[in-house]
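Asks: Below: sequence and its predicted model.
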Amino acid sequence: MGDAGEKRTDAVEMEEVTVTNGEATQPTANGDAGLSTKEQVAAIKAKLKGDLTYTIDEIPPWYSSILLGFQHYLTMFGATVAIPLLLAGDLCMGDDLVAQARLIGTIFFVSGLATLLQATFGSRLPIVQGGTFSFLAPTFAILNLKGPCPAPLSANATAEMRAERTELWQGRMQEIQGAIIVASIFQVIIGFSGIIGLLLKFIGPLSIAPTIALVGLSLFGAAASFSGVHWGVAFLTMILMMLFSQYIARFNVPCAGYNRSDNCHLVWFPLFKLFPVILAIVFAWFFAFILTAAGAFPNNPDTYGYGARTDIRINVLTEAPWFYFPYPGQWGTPRVTVAGVFGMLAGVLASMIESVGDYYAAARLSGAPPPPTHAINRGIGIEGLACILAGAWGTGNGTTSYSENIGALGITKVGSRVVIQIGGLIMLFLGTFTKFGALFVTIPDPIIGGMFCIMFGMVTAVGISNLQFVNLNSSRNLFIIGYSFFMGMVIPNWMNGNEDFINTRSPEFNQIIVVLLKTGMFVGGFFGFVLDNTIPGTPEERGIAQWKSLYGGKDTDDAVTKELLSCYNLPLIMPWIERQRWLRYIPFSPTFFGWKLHNKKDEEPIVEPPQTNGSV
């Protein structure tokens with residue numbers, strides 16, 4: 001037990017591992033200066049891993065990877081399926097259940113495509129991409145300009161009337177598609193040009209903490225809305241997730257195993273540690289099914305507890321087709337309007353800010369060093385490209401990093417990139433197999449709400465954990481923390497009922513300001529960023545020195561740096577990239593380490609990066 005305690009203490013000390021804009025090192029104060037490069041890298045990776053079962057570059061067994069990938073699919077399912085259901089009314093497609101099923105399949109298909117692009121070629125962090133709520137406000141504003149929807153069709157409506165209604169909602173969808181495509185080009189430019197990376201030079205713990213934490217805190221309304229349908233079922237889901245992920249996670253389950261050396265043998269499998277979300281959903285869903293069959297839940301939709309029934313949306317199983325393959329332009333040719341594009345820019349800006357915070361959170365929870373500048377540039381650029389694809393396919397929405405899935409990394413202790421890539425493939429397949437997706441639409445709302453309470457709480461905690469590097473005895477820091485957190489909740493709350501207060505001569509500009517001010521993570525992160533960079537304070541007081549010790553120092557060993565950051569290298573083509581000197585000037589290239597490539601004073605040559613193969 002004494003050795004274990006010492007190892008844990010070393011792990012805490014070793015959090016002073018550093019990587020800055022692509023430079024990482026372990027402090028020589030820890031006594032590792034005499035180790036070889038491989039030994040230093042191994043020691044740093046062990047300390048970054050902490051209590052994770054699998055880190056970013058590690059690959060679980062294939063069967064575990066499939067189940068874990070499916071768990072990420074389930075984790076993002078509730079929030080993703082809510083978006084087309086919310087849009088259906090304003091798009092005037094509420095009567096067309098088949099179109100709704102196809103729209104649900106389309107958004108999952110594009111989410112899977114975006115996830116694969118992000119995890120393989122973007123930031124290469126284990127981040128799930130999916131629909132974003134930040135696009136909903138400008139979308140509703142654009143649709144409101146089109147006027148209200150006509151009355152629902154009657155049961156005996158003619159084929160001509162149904163065709164006119166289809167043409168109506170497809171026309172509204174085409175305008176949303178055009179706005180998303182053009183506005184997302186802005187995100188692609190911001191990412192691939194390196195502008196977002198330049199801004200990171202001024203971002204520290206006091207900027208990141210409120211941005212990440214308010215991602216979770218701002219979603220308490222959705223968690224409460226889903227859970228409030230039946231608090232008993234919601235708390236059952238929460239208790240099960242706590243039980244599986246915290247209380248009994250250390251207990252393994254005996255299973256039968258086989259290999260060539262041992263043949264059939266007993267294997268102790270960490271079931272509760274790896275699959276707490278799936279287990280909690282299945283057990284709670286089965287419990288709700290029993291209560292529904294026993295008549296414990298009311299039949300009146302206006303009565304409390306009705307939403308906990310498992311048969312409310314059972315008709316989806318018969319209405320949805322077995323297979324449907326989404327394709328670009330399936331709803332018609334996108335149309336572009338100036339008002340729509342400028343309004344959608346607000347959603348793009350909010351999504352970018354949220355994603356930058358998510359990258360740091362995902363790195364911390366996957367045992368990876370903080371993302372270098374080129375990885376963030378590439379991640380934002382790929383995210384913009386994915387939004388363009390979403391507009392082309394016609395999801396009615398964009399894509400962004402999913403905070404709830406980042407929370408799942410912390411709960412399952414599995415940060416493997418391969419698991420997320422498999423999850424993306426599952427989304428692609430199930431996006432075409434609409435009957436299967438329709439099955440999970442029947443999950444009662446309080447079960448989803450209970451899952452949200454755990455996940456969003458985890459995301460909030462990850463944001464707050466960045467404050468460990470800040471001097472909390474400083475009145476300067478306490479002021480910035482309190483003010484940025486508080487205003488991140490006050491201003492969006494006030495704006496929800498006072499949108500007309502912003503009244504410039506440009507309706508489009510009004511819309512951009514309103515959407516930004518209604519986004520808590522933007523407001524809190526903005527105040528934290530401005531105050532931290534304008535109020536005088538030492539690097540130690542601000543936490544910059546300690547926080548960047550996770551990512552850069554004066555005694556950096558270039559070989560150690562490159563090896564640690566190899567998890568952010570592009571797959572397959574790294575040997576070619578490393579031979580091209582001109583790529584060091586490209587902001588999204590893995591060999592890009594900032595605009596200053598050498599010391600002009602002594603004109604030392606650039607250190608050649610080691611020849612390492614990128615892993616898929």
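Replies: Noted; the coordinates are in hand.
Asks: Now name the helix or strand holding I480.
Replies: helix 475-495 (DSSP states H and E).
Asks: and what of A163?
Replies: A163 belongs to helix 159-192 when assigned by DSSP H and E.
Asks: ok, back up a step: list the buried residues for the helix holding I480?
Replies: 476-477, 480-481, 483-485, 487-489, 491-492, 495 (16 or more other CB atoms under 10 Å). Backbone N, C-alpha and C define where each C-beta goes, glycine included.
Asks: what ranges do the strands span in the protein?
Replies: Listed in chain order, the strands of the chain (DSSP state E) span 18-19, 24-25, 129-130, 253-259, 263-269, 400-401.
Asks: quick one on the thing from earlier: next, the buried residues of the helix holding A163.
Replies: 165-166, 168-170, 172-184, 186-188, 190-192.
Asks: From the contact counts, what lies against it?
Replies: Under the contact criterion of 3 or more CB pairs under 8 Å, 6 or more residues apart in numbering; DSSP states H and E, helix 159-192 touches helix 136-144, helix 338-365, helix 373-393.
Asks: One more pass at 10 Å, please.
Replies: Secondary-structure packing of helix 159-192 (3 or more CB pairs under 10 Å, 6 or more residues apart in numbering; DSSP states H and E): helix 62-90, helix 97-120, helix 136-144, helix 195-199, helix 338-365, helix 373-393.
Asks: Surely G367 touches L564?
Replies: No - counting by CB atoms under 10 Å, G367 sits too far from L564 to count as a contact (11.1 Å).
Asks: intersection of neighbour lists for the two?
Replies: 45, 48 (CB atoms under 10 Å, 6 or more residues apart in numbering).
Asks: rewinding a little: what angle sits between the helix holding A163 and helix 97-120?
Replies: Inter-element angle recorded for helix 159-192 and helix 97-120: 10 degrees (by axes from the mean of the first three to the mean of the last three CA atoms, to 10 degrees).
Asks: For M173, see how far away the residue lying closest to Q177 once chain neighbours are set aside is.
Replies: What sits nearest to Q177 in space, not counting adjacent residues and going by CB to CB, 6 or more residues apart in numbering, is P334, at 3.8 Å. According to CB to CB, to the nearest Å, P334 stands 9 Å off from M173.
Asks: what sits in contact with each of those two?
Replies: G394.
Asks: Can you pull out the low-pLDDT segments for the stretch 351-500 of the chain?
Replies: Regions of the stretch 351-500 of the chain meeting the criterion pLDDT under 70 cover residues 437, 440.
Asks: Could you pull out the helices in the stretch 401-550 of the chain for me?
Replies: 403-412, 417-432, 434-441, 445-465, 475-495, 507-517, 520-534, 539-542, 544-547 (DSSP state H, counting those that start in this stretch).
Asks: just how off-centre is the last one within its chain?
Replies: Which is helix 544-547. 25 Å (CA atoms, centre = their mean, to the nearest Å).
Asks: send the alpha carbons of it over as PDB?
Replies: In PDB, the C-alpha atoms belonging to helix 544-547 read as follows (Å, rounded to 0.1, in the frame of the first residue of the first chain):
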ATOM      1  CA  ILE A 544      -0.300  30.700 -16.800                       C
ATOM      2  CA  ALA A 545       3.100  29.300 -15.600                       C
ATOM      3  CA  GLN A 546       1.600  26.300 -13.900                       C
ATOM      4  CA  TRP A 547      -1.100  25.600 -16.500                       C
END
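Asks: Cheers, nothing more for now.
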